[in-house]
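Student: sequence unknown, structure follows:
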C-alpha cells in the first residue's frame, strides 16, 4: 500500500525532507540541468523536484491512485493528475524526460509501471529512476518515505530497465548521512566522505537509462547496433557483472 499524499507532503515540509530534496536536486541538476525545450513527466511523488526544470516546454506530474494527488504548482494552472500506474493516460512518445521518485518501491507491479513510463518516453528520451537503496539506512527508517515498500540495489534497477527495453547509461547515489536528526546538519560532509569510503551507505540510488537504437539493415545484410544519445548522472557505463567505481558529474569518485 502506498504512502498517502498527506504523509509525503508533511515529510517534505519538514527539515529532514528539505534536506532530502536539496541533495537529490543536486544530482538531478547534474544530469538534466533545467531540461531546456523538453517535455518532462514526473511519476510517483516528483513535485519537490519538478520546479527546477525551468527551461522545460511542459512539465506534468502523474500521481498513482493509491497515493492520492495534490495541486501543483502552488500558483498558476494545475499540472498534476491522478493516474492508474498500470495504464498511463499519455500517448506514446509524449515526453523527452521521465523522472520516477517514490514510484517503484510501492508499486504493485514495478515492471508494468516502468513499461508504461517507457511507452510515454520519446525515442531519444531519457529516464531516471530514483529509488531507496537496499543497503542504506534510509530504507530502514519507517518515519521517512524511503522506509516503505521494496528498496533496490543498482543491479536490480539495471535488470529492471533492461526488461523493458532500455539500456542503463549512468548512475549516481546520494543521501549518505544517517537518518538521525542530530547528524543531519553534517549531511554535506557525509556526502563528500561517503562517496569515497562507504558507497554502500547511500540512501538513494539514481539510475539513468535510454532506449537502445538499432540501425536499419543495409543492402549488404550487415547491421550495426548503436546507443541512443544520453547524458548522465555519472560518466560511467553500467556493466552486467563487474562494477568499477565511477565519478560524478564534478569528476569526483562516487
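Tutor: Looks like it arrived, so ask away. Treat the numbers as computed from the prediction; the structure is a model and nothing was measured. Numbering: from 1, shown residues only.

Student: Find me the pLDDT at residue 184, would you?
Tutor: Looking at residue 184, its pLDDT reads 94.

Student: Report how many residues lie close to it.
Tutor: As a burial measure, residue 184 scores 16 neighbours (other C-beta atoms under 10 Å). (C-beta placed from N, C-alpha, C; glycine too.)

Student: Kindly report the same for residue 80.
Tutor: Neighbour tally, residue 80, other C-beta under 10 Å: 18.

Student: Might you report the residue contacts of it?
Tutor: 47, 60, 61, 62, 63, 69, 70, 71, 72 (C-beta atoms under 8 Å, 6 or more residues apart in numbering).

Student: Just name the closest of those to residue 146, please.
Tutor: residue 47 (16.8 Å; C-beta to C-beta).

Student: got a list of what the closest one touches?
Tutor: Contacts of residue 47 by C-beta under 8 Å, 6+ apart are 61, 70, 72, 80.

Student: now, which of these lie within strands?
Tutor: Members of the contacts of residue 47 lying in strands (criterion: DSSP state E): 61, 80.

Student: most surrounded residue in the contacts of residue 47?
Tutor: residue 61 (23 neighbours).

Student: wouldn't that one be in contact with residue 40 here?
Tutor: No: taking contacts as C-beta atoms under 8 Å, residue 61 lies outside contact range of residue 40: 9.3 Å.

Student: Mutual contacts of the two, please.
Tutor: residue 50.

Student: Could you pull up phi and psi at the closest residue to residue 94 other than its chain neighbours?
Tutor: Spatial nearest neighbour of residue 94, chain neighbours left out: residue 120 (5.2 Å); criterion: C-beta to C-beta, 6 or more residues apart in numbering. For residue 120, the backbone dihedrals are phi -80, psi -10 (criterion: degrees, to the nearest 10).

Student: Residue 120: neighbour count?
Tutor: Neighbours of residue 120 using other C-beta under 10 Å come to 22.

Student: Now do the phi/psi pair for residue 108.
Tutor: phi -60, psi -40.

Student: before we move on, what about residue 8?
Tutor: phi -70, psi -40.

Student: any weak-confidence spans in the protein?
Tutor: Residues of the chain meeting the criterion pLDDT under 70: 213-254.

Student: at 90 what do you get?
Tutor: 1, 74-76, 195-200, 211-254 (pLDDT under 90).

Student: What ranges does it have for its strands?
Tutor: 39-44, 58-64, 80-83, 95-101, 121-132, 166-174, 204-214, 225-227.

Student: Make JSON lines out of these and add distance to residue 180.
Tutor: Listed next are the strands of the chain as JSON lines, based on distance: least, C-beta to C-beta, whole Å:
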{"stretch": "strand 39-44", "distance to residue 180": "25"}
{"stretch": "strand 58-64", "distance to residue 180": "30"}
{"stretch": "strand 80-83", "distance to residue 180": "33"}
{"stretch": "strand 95-101", "distance to residue 180": "23"}
{"stretch": "strand 121-132", "distance to residue 180": "17"}
{"stretch": "strand 166-174", "distance to residue 180": "17"}
{"stretch": "strand 204-214", "distance to residue 180": "17"}
{"stretch": "strand 225-227", "distance to residue 180": "41"}
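
Student: how about those strands, which one is nearest residue 196?
Tutor: Going by C-beta to C-beta, the one of the strands of the chain nearest residue 196 is strand 166-174, 11.9 Å.

Student: Show me what the closest one is packed up against.
Tutor: helix 15-32, helix 154-163, strand 204-214 (3 or more C-beta pairs under 8 Å, 6 or more residues apart in numbering; DSSP states H and E).

Student: what sits up against the shortest one?
Tutor: Going back to what we said before, that points to helix 154-163. Counting by C-beta under 8 Å, 6+ apart, residues outside helix 154-163 touching it are 104, 110-111, 114, 127, 129, 131, 134, 152, 167-168, 171, 205, 207, 209, 238, 240, 243.

Student: try the first one
Tutor: Contact with helix 15-32 is made by 11-12, 38, 48-49, 52-53, 97, 99, 101, 126, 128, 130, 144, 170, 172, 174-175, 177, 179, 181, 184, 187, 191, 204, 206, 208, 231-233, 248-250, as judged by C-beta under 8 Å, 6+ apart.
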